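[1] the amino acid sequence is not available; the structure is as follows:
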């Protein structure tokens, strides 16, 4: 089966991509770039650098822009999937949805209408097991957005390694955030993955932060050999 | 031992992660002994060893199991608790002679309990998550336990603990799986 991965550059879609690669043929990445920072469905920080990740993965990237309004966003997604089918012959779509019924539902409907399979390999994943598996597999992930207490500016740019994961566990227990960030508490960007031929180095970034809400905007990044 | 039956398009498929693995994790968390078998690789020994069976759901586009409904005839002779989930409900109903009916449902739906049963005791109405490309007819000898506005959502054999749920209890209604396991425990 030929699959396109709905790709944001963050850890969940990257991990879902890797899961899909182990079972089926992944033929392209699909990224929806929203002009609206309050996008209903699509992450916005650093989405443009998905192109760098796609290059390292050796996969074509289909980038589609959306205004980010709720209803047109769904139409744009539909167009993106149709385009992926025309250009790459996809039979199905993969997402990194974990708990979000909202996210899973909308995509399921569109896929069904288009006769495309829809896979959510991270669906209901055990948070502990998932994060351990992510690190064990060799993913290197940087926090590029924080959107909830108690995260402050110091978290922006931090790599999620074992020490950071321990801290996230403590925060998850105490503050009732999700360990994976699936509740929207933090966003990530993948700088290395088992399916990357080269890793990504963030050379320049700017931080915007206020009241537990902030992003690390990547200004310059490049691929380097391992 | 709970027999978990994988109805996905292939053994060890990508969709196994979504439809079978959550059931496995729930059973493991509950301290249950279980075995997982793909529906095409089920043996008489597997069936004989089972105290109860759970037939898992599939991806919307995955209806391959519906072309091999002969592989579910063993359910006619199985008198221990069965929980058919979504596609699993369809397989269970088909074994007893009922077919699919039109009606797609994707997302949350309101389920109303219509008949008394240990599985739904104390519940009148609840939200449930469904991912289905069709509804399922009610076979002869089965009772409707619950329905949404659109269609039947839960059925049970009139005298055996064979249950079909059209929605996915593993998503928002794990209490149902717990109760089902309680029924398995009550077996002599």
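    All right, it came through fine. As the structure is a prediction and not an experimental result, all values here were calculated from the model.
[2] chain B: strands as residue ranges?
    Along chain B, counting by DSSP state E, strands occupy B:2-6, B:34-38, B:52-55, B:82-85, B:100-101, B:105-113, B:125-132, B:135-136, B:142-147, B:152-157, B:162-165.
[3] can you tell me which of those strands is most buried?
    strand B:82-85 (a mean of 29; mean count of other Cβ atoms under 10 Å in any protein chain shown). From N, CA and C alone the C-beta is placed, and that goes for glycine too.
[4] buried residues in stretch A:117-130?
    Neighbour counts using 16 or more other Cβ atoms under 10 Å in any protein chain shown place A:117-127, A:130 of stretch A:117-130 among the buried residues.
[5] re the thing from before, save the strands of chain B as JSON lines, and put in distance to residue B:76 and mean pLDDT too.
    Output for these, formatted as JSON lines (distance: least, Cβ to Cβ, whole Å; pLDDT from 0 to 100):
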{"stretch": "strand B:2-6", "distance to residue B:76": "15", "mean pLDDT": "98"}
{"stretch": "strand B:34-38", "distance to residue B:76": "18", "mean pLDDT": "98"}
{"stretch": "strand B:52-55", "distance to residue B:76": "13", "mean pLDDT": "98"}
{"stretch": "strand B:82-85", "distance to residue B:76": "11", "mean pLDDT": "98"}
{"stretch": "strand B:100-101", "distance to residue B:76": "19", "mean pLDDT": "95"}
{"stretch": "strand B:105-113", "distance to residue B:76": "27", "mean pLDDT": "97"}
{"stretch": "strand B:125-132", "distance to residue B:76": "24", "mean pLDDT": "96"}
{"stretch": "strand B:135-136", "distance to residue B:76": "17", "mean pLDDT": "96"}
{"stretch": "strand B:142-147", "distance to residue B:76": "13", "mean pLDDT": "98"}
{"stretch": "strand B:152-157", "distance to residue B:76": "10", "mean pLDDT": "98"}
{"stretch": "strand B:162-165", "distance to residue B:76": "10", "mean pLDDT": "98"}
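[6] if we can go back for a sec, list just the nearest of the buried residues of stretch A:117-130 to residue B:31.
    Taking Cβ to Cβ as the measure, residue B:31 lies nearest residue A:126 of the buried residues of stretch A:117-130, at 15.6 Å.
[7] gap between the nearest residue to the closest one once chain neighbours are set aside and residue B:36?
    Nearest residue to residue A:126, sequence neighbours excluded (Cβ to Cβ, 6 or more residues apart in numbering or on different chains): residue B:25, at 5.7 Å. Distance, residue B:25 to residue B:36, by Cβ to Cβ, to the nearest Å: 12 Å.
[8] over to residue B:11?
    Distance from residue B:11 to residue B:36, by Cβ to Cβ: 10 Å.
[9] ok, residue A:207 next?
    For residue A:207, the distance to residue B:36 - Cβ to Cβ - is 47 Å.
[10] same thing with residue B:126?
    28 Å.
[11] how about residue A:80, what does it touch?
    Residues in contact with residue A:80, defined by Cβ atoms under 8 Å, 6 or more residues apart in numbering or on different chains, are A:30, A:32, A:62, A:64.
[12] state the helix or strand in which the first one lies.
    Residue A:30 is located in strand A:25-34, with elements delineated by DSSP states H and E.
[13] same for that strand, what does it pack against?
    strand A:2-6, helix A:11-21, helix A:50-57, strand A:61-66, helix A:70-88 (3 or more Cβ pairs under 8 Å, 6 or more residues apart in numbering or on different chains; DSSP states H and E).
[14] let's go with 10 Å and repeat that
    Counting contacts by 3 or more Cβ pairs under 10 Å, 6 or more residues apart in numbering or on different chains; DSSP states H and E, strand A:25-34 packs against strand A:2-6, helix A:11-21, helix A:50-57, strand A:61-66, helix A:70-88, strand A:92-94.
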